[in-house]
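K.L.:
sequence and predicted structure, then a few things I'm wondering about:
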Amino acid sequence: MRYHFSGVAGAGMNPLASLVRARGHDVQGSDRSFDQGKNREIAARLQGLGIQLAPHDGAAVTRAIDRFVYSAAVEADTPEMRAARALGLHCVSRPQLLAEVVNAGGPGIAVSGTSGKSTILGMVAWLLREGGVPATVLGGAALVGEGTGGCFIAGPAEGPVVAEACESDGTLAGYRPAIGLVHNVSRDHAELPALRPQFAAFAENCGRLLVNGACPEAAALGRRFKASTYGVSPGVDTRLWVTSVGPRRATGVLRVEGRSIVIDIPQPGLHNLENAAAAALIGLELGVDPFKIEALLARFPGVARRFEVVGTTASGIRVVDDYAHNGEKIRAAVTTAQASAPRVVVVFQPHGFGPARFLRPDLKDLLPRLLRPQDRFCYAEVFYAGGTAAKDISSHLLAGDLPERMHCGYARDHDAVRQWVLSEAHAGDTVLIMGARDPDLSRLAGKVFESLSVWASSTRSKAQSRL
């Protein structure tokens with residue numbers, strides 16, 4: 001068959017396109033970020049797999065296409081979407097196709113939750129690949145050092161499939177996995193009253209259900225659908241005992257059916273211990289030896305842009321790149337940074353005008369309570385990926401929501417972010433760059449680190465000359 005992927009650069013789209021190609025189909029795709037000269041690494045990787053790339057203008061959408069796969073980020077009135085409808089093509093959304101792959105897995109395992117999915121998937125991918133278990137894994141973020149884009153491992157067509165099941169587009173009900181996991185449920189993309197029925201439908205469709213008992217919403221689902229529970233809460237079926245959450249590593253012990261699995265991971269934070277516990281349970285389900293789980297998690301490289309340390313300057317300023325983009329993710333990233341630094345310099349870029357509007361009340365309430373008096377915070381201007389959007393909110397407005405005592409910064413572009421960080425960072429600080437979707441954010445974090453390194457070197461040279 002011939003597939004066309006509209007929005008193929010997306011973190012959920014490019015792994016699916018790669019899998020469809022690996023399974024022998026002809027694949028083509030387009031993305032407006034490619035037309036803008038962005039995401040070149042993803043484009044080169046897709047072309048290396050034999051996937052044909054075309055401009056995102058509708059010209060490549062022809063009757064030769066058997067299945068037209070579209071991303072939720074692609075608006076309904078784009079030239080490609082209009083062409084697909086006009087030709088009467090078989091149109092399939094990304095989550096519909098992903099659900100097909102998961103549901104056909106032997107077994108299919110779907111990881112859901114409003115936070116932590118990509119890290120859990122990355123840990124599972126690491127355990128399965130390094131543990132020698134053939135399986136297909138589809139996640140939203142690559143492992144550190146393995147490029148940009150999503151996480152993709154191509155396993156046998158009849159073998160296990162492990163994938164992220166995302167609630168953002170309201171499609172959780174389409175998954176019917178042999179094993180489903182609900183890691184947490186919090187206000188993200190939609191209000192809780194809208195999220196609860198979706199997660200309940202997902203839970204009902206799972207052959208077996210695992211839930212994190214430490215999350216009240218997930219625990220309520222677990223009681224309703226007789227799930228197996230895990231986590232730090234007393235009374236769960238698989239208890240996670242926390243030894244340390246940082247500052248550089250997180251350690252704990254997972255008690256599984258009478259035996260202990262030591263979890264010692266290079267990523268700090270309680271949330272990462274919880275992620276590792278979930279990944280370990282999936283690894284056990286798929287036959288990874290417990291001793292291998294211990295050894296492999298101890299050298300897990302991390303997931304791209306999930307508290308990824310870009311570098312530390314000679315003056316001890318650490319720069320961290322993070323994908324955090326909702327209240328719970330921001331809380332986790334900031335508290336983890338605060339645990340290992342006397343002062344944190346934070347930059348957050350909202351990932352769209354709709355998300356900025358949705359997050360505004362959360363951020364107005366959260367940030368004054370979360371940040372310490374010595375910490376500093378700056379809003380970068382809202383990321384705009386193109387297409388139709390009501391530009392009725394800005395980061396300048398968001399900055400105005402915060403108390404004057406916080407001295408909230410505002411940066412109109414990425415160079416202004418770099419200048420603001422240079423004006424605020426002190427020796428020993430952690431600089432935390434947060435935001436989603438923008439392919440240039442990692443590059444920004446790298447430029448911030450380079451500028452801070454030059455600044456630190458220049459300051460040291462001046463001090464030595466005075467001596």
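P.N.:
Everything's here; your move. Numbers count the residues shown, from 1 in each chain.

K.L.:
so residue 16 sits against residue 99, correct?
P.N.:
No. Contact criterion CB atoms under 8 Å: residue 16 and residue 99 do not qualify, at 11.0 Å. To be clear about C-beta, it is placed using only N, CA and C from the backbone, and glycine gets the same treatment.

K.L.:
hmm, residue 372 is touching residue 338, no?
P.N.:
Yes. Residue 372 lies in contact with residue 338 (CB under 8 Å); the separation is 6.7 Å.

K.L.:
which one of those two has more residues nearby?
P.N.:
Shown here are residue 372 and residue 338; by other CB atoms under 10 Å, residue 338 has more neighbours (21 against 11).

K.L.:
which stretches in the stretch 251-400 of the chain count as strands?
P.N.:
259-265, 308-312, 318-322, 344-349, 376-380 (DSSP state E, counting those that start in this stretch).

K.L.:
actually the stretch 51-200 of the chain, not the one I wrote
P.N.:
Counting by DSSP E, counting those that start in this stretch, the strands of the stretch 51-200 of the chain are 52-54, 67-70, 91-93, 108-112, 136-139, 151-153, 161-164, 179-182.

K.L.:
hang on, the earlier thing: residues that sit against both of residue 372 and residue 338, list them.
P.N.:
residue 344 (CB atoms under 8 Å, 6 or more residues apart in numbering).

K.L.:
burial check on the spatially closest residue to residue 207 that is not a sequence neighbour, number of neighbours?
P.N.:
Nearest residue to residue 207 in three dimensions, chain neighbours excluded: residue 178, at 4.3 Å (CB to CB, 6 or more residues apart in numbering). Using other CB under 10 Å, residue 178 has 18 other residues around it.

K.L.:
who touches residue 178 in this structure?
P.N.:
By CB under 8 Å, 6+ apart, residue 178 lies in contact with 105, 107-109, 206-208.

K.L.:
and it, what are its phi and psi?
P.N.:
Per-residue torsions, residue 178: phi -60, psi -40 (degrees, to the nearest 10).

K.L.:
how far away is it from residue 251?
P.N.:
31 Å (CB to CB, to the nearest Å).

K.L.:
check residue 43 too.
P.N.:
40 Å.

K.L.:
ok, these two, which is more surrounded?
P.N.:
More crowded of residue 43 and residue 251, by other CB under 10 Å: residue 43, with 21 against 18.

K.L.:
skipping its backbone neighbours, what lies nearest the more buried one in space?
P.N.:
Spatial nearest neighbour of residue 43, excluding adjacent residues (CB to CB, 6+ apart): residue 34 at 5.2 Å.

K.L.:
same check, this time on residue 292
P.N.:
Closest residue to residue 292 apart from its sequence neighbours, by CB to CB, 6+ apart: residue 131 at 4.9 Å.

K.L.:
got the contact list for the one you found?
P.N.:
The neighbours of residue 131, taking CB under 8 Å, 6+ apart as the test, are 283, 288-289, 292-293, 296.

K.L.:
check residue 316 too.
P.N.:
427-429.

K.L.:
tell me the buried residues in the helix or strand where the residue nearest to residue 43 lies?
P.N.:
Using DSSP states H and E, residue 34 sits in helix 32-35. Within helix 32-35, the residues scored as buried using 16 or more other CB atoms under 10 Å are 32-34.

K.L.:
then that helix to PDB, C-alphas only?
P.N.:
Extracted C-alpha coordinates of helix 32-35, given in PDB (Å, rounded to 0.1, in the frame of the first residue of the first chain):
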ATOM      1  CA  ARG A  32       5.600  22.600   6.900                       C
ATOM      2  CA  SER A  33       8.600  22.600   9.300                       C
ATOM      3  CA  PHE A  34      10.600  21.000   6.400                       C
ATOM      4  CA  ASP A  35       9.400  23.800   4.100                       C
END
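
K.L.:
still on that earlier bit, need the phi and psi values for the residue nearest to residue 292.
P.N.:
When read as degrees, to the nearest 10, the backbone of residue 131 gives phi -90, psi 0.

K.L.:
against residue 138, how distant is it?
P.N.:
Per CB to CB, residue 131 is found 18 Å from residue 138.

K.L.:
could you do residue 213 as well?
P.N.:
Shown here: residue 213 relative to residue 138, a distance of 27 Å by CB to CB.

K.L.:
cool, residue 30 as well?
P.N.:
20 Å.

K.L.:
and those two? Which one has more around it.
P.N.:
residue 30 (27 against 23).

K.L.:
ok, what's across the strand from the more buried one?
P.N.:
residue 6, residue 54 (DSSP bridges).

K.L.:
identify the residues contacting the closest residue to residue 383 other than its chain neighbours.
P.N.:
Spatially, and ignoring its direct neighbours in sequence, residue 383 is nearest to residue 438 (4.4 Å; CB to CB, 6+ apart). Listed by CB under 8 Å, 6+ apart, the contact set of residue 438 reads 349, 351, 383, 385.

K.L.:
where's the dip in pLDDT among these?
P.N.:
Ranked by pLDDT, these bottom out at residue 385, which scores 78.

K.L.:
was I right about that residue contacting residue 71?
P.N.:
No. Contact criterion CB under 8 Å: residue 385 and residue 71 do not qualify, at 10.9 Å.

K.L.:
more neighbours: which of those two?
P.N.:
When residue 385 and residue 71 are compared for neighbours, residue 71 comes out ahead with 20 against 16, by other CB under 10 Å.
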